[in-house]
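Participant: I need the structure of the sequence given here:
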Amino acid sequence: MTEQYQQKSINLDIDNQMLELLSFDERAVPGLVPTGTTATYQKYRLPVVGMLSRLSWSGVLAPNAAETVQLRLYRVRPQSNPAGFGYIQLNDVFTVSPATFTDAGGDIDISSTIRANRCVLPGEYLAASWVHSGPQQLQPLNMNWNFTPVSVSVNEPEPPADTTVYSNVFG
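Facilitator: Numbers count the residues shown, from 1 in each chain. This is a model prediction of the structure:
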């Protein structure tokens, strides 16, 4: 067998940019945004520890003058974690309102709301949570996020849970 067909190494380097692209996920509703607190529960996509690197949203029809939607993304830390069950909020609340609706159909980057030093572990889940108030006019609504792989120390402490109450996240 010639050398050109022999694999040099089975340990391939992790391509952080490719993993970040693969981590893209979203929560979207094609119709009117549901009233009250609602969330979707989705598996974290990377096989490595990751940190939220990009967060954005988009809508087409502007919200009513009295309408708001608060966007929040949570890490769901399982009971099997030594720190115990809890919801860890990954971003500061961003409120969609007529004042923040600046680009109908555009991708509005809200990465500035990402909280520092909040990681998600392989096999965990995310909860994309929205709190809608006021009349329903905003539609559709889409929230997007990406994670980038990070190295963490085994001795790094887990952050305290922001809440352990289901209804605070899911309604």
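Participant: count the neighbours of the closest residue to residue 31 other than its chain neighbours for me.
Facilitator: Nearest residue to residue 31 in three dimensions, chain neighbours excluded: residue 139, at 5.7 Å (CB to CB, 6 or more residues apart in numbering). (C-beta placed from N, C-alpha, C; glycine too.) Using other CB atoms under 10 Å, residue 139 has 15 neighbouring residues.
Participant: so which residues of this structure form strands?
Facilitator: Secondary structure of the chain (DSSP state E): strands at 25-29, 36-43, 50-61, 68-77, 86-89, 94-96, 108-109, 119-120, 125-133, 139-149.
Participant: indicate which one of the ones you listed is closest to residue 19.
Facilitator: Smallest distance to residue 19 across these (CB to CB): 5.3 Å, for strand 139-149.
Participant: buried sites along the closest one?
Facilitator: By neighbour count with 16 or more other CB atoms under 10 Å, strand 139-149 contains the buried residues 141, 143-149.
Participant: export the residues you listed to CSV and tack on pLDDT and distance to residue 107?
Facilitator: Shown next, in CSV, are those (pLDDT from 0 to 100; distance: CB to CB, whole Å):
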residue, pLDDT, distance to residue 107
141, 97, 13
143, 98, 11
144, 97, 7
145, 97, 12
146, 95, 12
147, 95, 17
148, 93, 18
149, 92, 23
